[in-house]
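**Student:** Provide a 3D model corresponding to the input given below.
(2 chains)
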There are 2 protein chains.
Amino acid sequence: MTNRQIELFVPAITPFKPDLSIDTERFVAHARALMAAGAHGLAPFGTTSEANSLSVAERMAALEALIDAGIDPGQLIPGTGCCNAEDTITLSSHATRMGCRGVLMLPPFYYKGVSDDGVFDAFAQVIDAVGPNLCVYLYHIPQMSGVPITLPLIERLIARYGGQIAGLKDSSGKWENTKAVIKAFPQIDTYSASESMIPQNVATGGAGCISASLNVNPRGIRALLDGLNGPDQAALHEQVSAVRSIFEGLPLIPAIKAAVAEQNNDPEYARVRPPFVAMGDEHKDAVAEAVRIAGPQGAA
Amino acid sequence: MTNRQIELFVPAITPFKPDLSIDTERFVAHARALMAAGAHGLAPFGTTSEANSLSVAERMAALEALIDAGIDPGQLIPGTGCCNAEDTITLSSHATRMGCRGVLMLPPFYYKGVSDDGVFDAFAQVIDAVGPNLCVYLYHIPQMSGVPITLPLIERLIARYGGQIAGLKDSSGKWENTKAVIKAFPQIDTYSASESMIPQNVATGGAGCISASLNVNPRGIRALLDGLNGPDQAALHEQVSAVRSIFEGLPLIPAIKAAVAEQNNDPEYARVRPPFVAMGDEHKDAVAEAVRIAGPQGAA
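**Tutor:** A predicted model of the protein is given here:
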């Protein structure tokens, strides 16, 4: 575990133009700013990215735009899990062909109350179809997907696919679950979805964090990671918590986009697709306060 | 309300070949059998149809196969609601061009806890894109979608789109909700998702039923509808309840497919896509009992 890389991957927001098509220029600009601010990589097309409001063709084009812009595909873990296997296979094959480090894969998430056997079959169907070059980061976010990635399921997937099961993102918010995954499967990279859990995650042998807040506060969170157990740890933790606690009181995705807009002094970043609605003016001050603490996006 | 047509639409199962591609031949054969058995129409690509495990291209090809086989598109209400607007628009435009009576539309269902404003925007985006020929049947199934279709939302949609909001399927299982929709919006066709509610639905001014059990027991349920308030009502209700209560104790979709397989003496119908697993032998007797009560599919 001492050799594990501890990393921050950003579930980058997806900016939209007035016609709600993807604003590729701002998508790339934001991605570059995040990497410049200390992110180790990006996990685009996750929940925060409104990926499930994007089509397969849009996701592939936007991923290619990132790579064309010079972002190393080895630093990219795009989300690819859709309800139907064909779309998941298309996206996962594409990301693998593009040389991405891996893919962050939701289970099929429409049907609820399904068995581990069925979810295993769903992952197996995709991995078998994409082939041995695919690396899968399992995406556990039961409050959205309704389909948990249980420990017995992880065990079966590793038994069948070995190193192709590269990691897991635990968005459940339950540290006890993250800890159990890290302890049971030290061979995979387990990320917390909240920067508030970075100290425990790292101390227990986890691999770091993939959090929405990284869109707004990449420098603060990177400083916390770099300063763990150092003399400034308390102050670093306080900065990170202050930003996070503001977002906890707001509709997360619209608020993150509003904050990025504020940081860039560019309201275009704030636009969302339905079923979200853009952040209302009533939360303007809260967003501004988060940005004041996090600093402008380009700040050194 | 006295002029309302009372109808049964079947959320027809989607049979699969050994390679899990759609078995169009059996799909069409089953559809024809259902119409011959007294269904007023079909609501293919609903929850029971495993529609959310099908790709957009597969859904369009299968719909065309039904129509090519001679099923009147005026008797078809295919499901078209996907997570992303582009896919929903593609499917809804296609169904409208094919002359379908309407489409059964889920709200975008990945993101949970979204506002009525956001869900309204999502429906509006699709209806505006498809145009005035689209007829929408709203699909309320919060236990799967996580996104309810509330009464204020229905009211706003009708206020904006009038007769384009043609109806609603209430799969919540909560009769109080169905009743409230029927009472508040007598101008739309409100279907219960359980044949057990047909008497109340019809008595209150509803439009009938769209139920998974119709795949197995179309004649029994049609007989109940035709015999409402007649001398045999109690016996008819008992038959329908006997079949239904068996399925309530089983994983619904695999059990329905196993029963159709048994009725056709053709195990090919029993195959499911992940995340479902085929019905186990431990439920064989229960399925056989449901089929015994419902009768073989071709029975007069």
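**Student:** I'd say A:His94 and A:Ala61 touch.
**Tutor:** No - using Cβ atoms under 8 Å, A:His94 makes no contact with A:Ala61, being 10.1 Å away. All C-beta atoms are positioned from the backbone trio N, CA, C, and that covers glycine.
**Student:** Out of those two, name the residue with the larger neighbour count.
**Tutor:** When A:His94 and A:Ala61 are compared for neighbours, A:His94 comes out ahead with 19 against 13, by other Cβ atoms under 10 Å in any protein chain shown.
**Student:** Show me where the stretch 51-200 of chain A dips below the pLDDT cut-off.
**Tutor:** By pLDDT under 70, the stretch 51-200 of chain A has no low-scoring segment.
**Student:** Which residues of the stretch 151-300 of chain A lie near chain B?
**Tutor:** For the stretch 151-300 of chain A, the residues in contact with chain B (Cβ under 8 Å from any Cβ of the partner chain) are A:Arg273, A:Pro274, A:Pro275, A:Phe276, A:Val277.
**Student:** Let's verify A:Leu104: helix, strand, or coil?
**Tutor:** Per DSSP: H, G, I helix; E, B strand; the rest coil, the local secondary structure of A:Leu104 is strand.
**Student:** That one is in contact with A:Leu91, isn't it?
**Tutor:** No - using Cβ under 8 Å, A:Leu104 is not in contact with A:Leu91; the gap is 10.6 Å.
**Student:** Give me the common contacts of those two.
**Tutor:** Contact criterion Cβ atoms under 8 Å, 6 or more residues apart in numbering or on different chains; residues shared by A:Leu104 and A:Leu91: A:Pro78, A:Thr80.
**Student:** returning to what we had before: ok, of the residues of the stretch 151-300 of chain A next to chain B, which one's closest to A:Gly220?
**Tutor:** Closest to A:Gly220 out of these is A:Phe276 (25.1 Å), distances taken as Cβ to Cβ.
**Student:** So the closest one belongs to a strand, correct?
**Tutor:** No - A:Phe276: not assigned to a strand; according to three-state DSSP it is coil.
**Student:** what about it, distance to A:Leu20?
**Tutor:** Distance, A:Phe276 to A:Leu20, using Cβ to Cβ, to the nearest Å: 11 Å.
**Student:** quick one, which of these two is more surrounded?
**Tutor:** Relative neighbour count places A:Phe276 above the other of A:Phe276 and A:Leu20, with 23 against 15, counting by other Cβ under 10 Å.
**Student:** How many residues are close by the closest residue to A:Ile67 other than its chain neighbours?
**Tutor:** The spatial neighbour of A:Ile67 that comes closest, neighbours along the chain excluded (Cβ to Cβ, 6 or more residues apart in numbering or on different chains), is A:Pro73 at 5.3 Å. Applying other Cβ under 10 Å, we find 19 residues neighbouring A:Pro73.
**Student:** for A:Pro73, what are its contacts?
**Tutor:** A:Ile67, A:Met98, A:Gly99, A:Cys100, A:Arg101 are the contacts of A:Pro73 under Cβ under 8 Å, 6+ apart.
**Student:** Quick one: residues contacting the last one.
**Tutor:** A:Arg101 is in contact with A:Gly41, A:Pro73, A:Gly74, A:Gln75, A:Leu76, A:Ile77, A:Cys135, A:Ala166, counting by Cβ under 8 Å, 6+ apart.
**Student:** The last one: how many residues sit nearby?
**Tutor:** Looking back up the chat, that one is A:Ala166. Count around A:Ala166 with other Cβ under 10 Å applied: 19.
**Student:** A:Pro186: neighbour count?
**Tutor:** So A:Pro186, with other Cβ under 10 Å, has 14 neighbours.
**Student:** Specify the local secondary structure of it.
**Tutor:** Of the three states, A:Pro186 takes coil under three-state DSSP.
**Student:** about what we covered before: out of the residues of the stretch 151-300 of chain A next to chain B, who has the most neighbours?
**Tutor:** A:Pro275 (28 neighbours).
**Student:** Does that one touch B:Gly146 like I think?
**Tutor:** No - judged on Cβ under 8 Å, A:Pro275 makes no contact with B:Gly146 at a distance of 10.8 Å.
**Student:** Model confidence at the residue lying farthest from the centre of chain A, what's the number?
**Tutor:** In chain A, the residue that sits farthest from the middle, by Cα atoms, centre = their mean, is A:Pro231; the gap is 29.2 Å. For A:Pro231, the pLDDT comes out at 95.
**Student:** Need the three-state assignment for it.
**Tutor:** Per three-state DSSP, A:Pro231 ends up coil.
**Student:** How much space separates it from B:Ala258?
**Tutor:** Distance, A:Pro231 to B:Ala258, using Cβ to Cβ: 66 Å.
**Student:** do the same with A:Arg244
**Tutor:** In terms of Cβ to Cβ, A:Arg244 sits 49 Å off from B:Ala258.
**Student:** Next: A:Ala193.
**Tutor:** A:Ala193 is 39 Å from B:Ala258, by Cβ to Cβ.
**Student:** between these two, which one's more packed in?
**Tutor:** B:Ala258 (29 against 24).
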